[in-house]
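Trainee: Let me see the structure of the following:
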Amino acid sequence: MDDVAAAPTILLVGSSGGHLAQLLALEPWYATRRRFWVTFDTPDATSLLRDEDVVWAHHPTTRNVPNLIRNAWLAVRIFRRREVAAVVTTGAGVALPFVMLSWLRRIPAVYIEVYDRIDTPTLTARLCRPFLSAMLVQWEEQRRQYPEAIVVGNLL
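Mentor: Residues are numbered from 1 along each chain as shown. The predicted structure follows:
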């Protein structure tokens, strides 16, 4: 195993598109940390993450049980091969197996609810919530759904 795989790293997990854009907005925080990404192999993701360490997940994930299972096996392989210090995610469906496995391994997992869901929680946030170390939201109004959440403000 090489030094990068052996060193504790932050795992950033998110669907491509807006979920990925919100994770990328955290760049001032993760810039000096070891990190790697799990997202979908889409044109925007391959372009935006061209200089990053990326593992491509299976998509689509919206209510797609076969890909949920594939991504669960992907999560198992990743956690076996890499020293993950924490998981940070903005969802969507790709996040669930990684959050659940981090909980089983007692690795912190942080979920950042997307900025455009103010009045109702996302399905992925509801599913991940019991397994999280912290729930972050971007609007004070989102705390109606997540009273325990920490408001971090808009990422975009």
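
Trainee: residues in contact with the lengthiest strand in the chain?
Mentor: In the chain, ranked by residue count with DSSP state E as the criterion, the top strand is strand 84-91. Contacts to strand 84-91, defined as Cβ atoms under 8 Å, 6 or more residues apart in numbering, come from residues 8-15, 19-20, 22-23, 26, 30, 78, 95, 98-99, 102, 105, 107-114, 122, 124-125, 128, 133. Any C-beta I mention is one placed from the backbone N, CA and C, and that applies to glycine too.

Trainee: Quick one, which of those are buried?
Mentor: Buried members of these, scored by 16 or more other Cβ atoms under 10 Å, are 9-15, 19-20, 22-23, 26, 78, 95, 98-99, 102, 107, 109-114, 122, 124-125, 128.

Trainee: Please, where are all the strands along this protein?
Mentor: When assigned using DSSP E, the strands of the chain occupy the ranges 9-14, 35-40, 54-57, 84-91, 109-112, 134-137, 150-151.

Trainee: Remind me what the first one packs against, helices and strands.
Mentor: The criterion is 3 or more Cβ pairs under 8 Å, 6 or more residues apart in numbering; DSSP states H and E, and the helices and strands that strand 9-14 contacts are helix 18-24, strand 35-40, strand 84-91, helix 95-104.

Trainee: let's see 6 Å
Mentor: Here strand 9-14 touches helix 18-24, strand 35-40, strand 84-91, going by 3 or more Cβ pairs under 6 Å, 6 or more residues apart in numbering; DSSP states H and E.

Trainee: Nothing else from me, thank you.
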